[in-house]
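Engineer: fold the following, please.
(2 chains)
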Amino acid sequence: AQSVTQLGSHVSVSEGALVLLRCNYSSSVPPYLFWYVQYPNQGLQLLLKYTTGATLVKGINGFEAEFKKSETSFHLTKPSAHMSDAAEYFCAVSPDYGQNFVFGPGTRLSVLP
Amino acid sequence: NAGVMQNPRHLVRRRGQEARLRCSPMKGHSHVYWYRQLPEEGLKFMVYLQKENIIDESGMPKERFSAEFPKEGPSILRIQQVVRGDSAAYFCASSPPAQNTEAFFGQGTRLTVV
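Structural biologist: Coordinates of the predicted model:
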């Protein structure tokens, strides 16, 4: 069975500071990994995904994530936070390229002025 | 090509009433997935449907919940005799029939039971 953990249900950073949102997964098969963002009262927007190939994945809005198989991690980073980054972020794993997802509990990012 | 359309966006029901949530997949998509997001929680898988077939309903509560995806028309998630604990955001995702294709999410329906 697959599972996803996200360390820290709530992360606060100052505007311009580094954003680091942690995601660890467990999977019996090589997974496909995703980060989604959810703005208040909105749906899910795909930030980035890892399927195969390069382990450092770049996404929208300046975010990137690195797949580290040895650590079973897929942490999300952004060098400089912007106020508009305040949202809920979900890490997800899928065994089949993004159809059947298992989501983490989410991390709420607050950006302080 | 419109995205995945869910309606209504917001739905208020009194305890004991029925709630019907609709999901129109993207054009060309024949696979539909329903997820539920309880307050302060992540999304939990409920059911996976293809046209006229339920493929996986392992995440569906055993009672009061049902889902369908008819040959024509949207997918429907139906909740009978709603209770306050059913208050949540319900998201639908759709994908094409081919392997190795990504699913896309709708905006969700926020159900409030009063």
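Engineer: so which residue is smack in the middle of the chain?
Structural biologist: Using chain A here. In chain A, the residue lying closest to the centroid (CA atoms, centre = their mean) is A:W35, at 3.6 Å.
Engineer: look at chain B instead
Structural biologist: Central residue of chain B (CA atoms, centre = their mean): B:W34, 3.7 Å from the mean position.
Engineer: each with direction, which strands does the strand or helix carrying it pair with?
Structural biologist: Assigned by DSSP states H and E, B:W34 belongs to strand B:31-37. Looking at strand B:31-37 with DSSP bridges, its partner strands are strand B:43-50 (antiparallel), strand B:88-95 (antiparallel).
Engineer: which of those is buried the deepest?
Structural biologist: Each of those was scored by mean neighbour count; the highest is strand B:88-95, a mean of 25, by mean count of other CB atoms under 10 Å in any protein chain shown. C-beta here means a position set from N, CA and C on the backbone, and glycine is covered the same way.
Engineer: same list (the strands paired with strand B:31-37) but as JSON lines, adding mean pLDDT.
Structural biologist: What follows is those, written out as JSON lines (pLDDT from 0 to 100):
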{"stretch": "strand B:43-50", "mean pLDDT": "92"}
{"stretch": "strand B:88-95", "mean pLDDT": "93"}
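Engineer: make TSV from those and add distance to A:G53 to it.
Structural biologist: Below are the strands paired with strand B:31-37 laid out as TSV (distance: least, CB to CB, whole Å):
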stretch	distance to A:G53
strand B:43-50	27
strand B:88-95	21
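Engineer: what comes into contact with the helix or strand of chain B with the lowest mean pLDDT?
Structural biologist: When each helix and strand of chain B is scored by mean pLDDT, DSSP states H and E, strand B:104-105 comes last, with a mean of 88. The contact list for strand B:104-105, computed with CB atoms under 8 Å, 6 or more residues apart in numbering or on different chains, reads A:Y36, A:G43, A:L44, B:G3, B:V4, B:M26, B:H29, B:F91, B:C92, B:A93, B:S94, B:S95.
Engineer: which single one of those is nearest to A:S110?
Structural biologist: A:Y36 (17.9 Å; CB to CB).
Engineer: which pLDDT value goes with that closest one?
Structural biologist: A:Y36 carries a pLDDT score of 94 in this model.
Engineer: hey, what's the residue lying closest to A:G59 once chain neighbours are set aside bridged with?
Structural biologist: With CB to CB, 6 or more residues apart in numbering or on different chains as the criterion, A:G59 has its nearest non-adjacent residue at 2.8 Å, and that residue is A:L48. Beta bridges link A:L48 to A:W35, judged by DSSP bridges.
Engineer: low pLDDT regions in chain B?
Structural biologist: Chain B contains residues with pLDDT under 70 at B:1, B:98-101.
Engineer: ranges for the strands of it?
Structural biologist: Along chain B, the segments classed as strands by DSSP state E run B:5-7, B:10-13, B:19-24, B:31-37, B:43-50, B:53-56, B:65-68, B:75-79, B:88-95, B:104-105, B:109-113.
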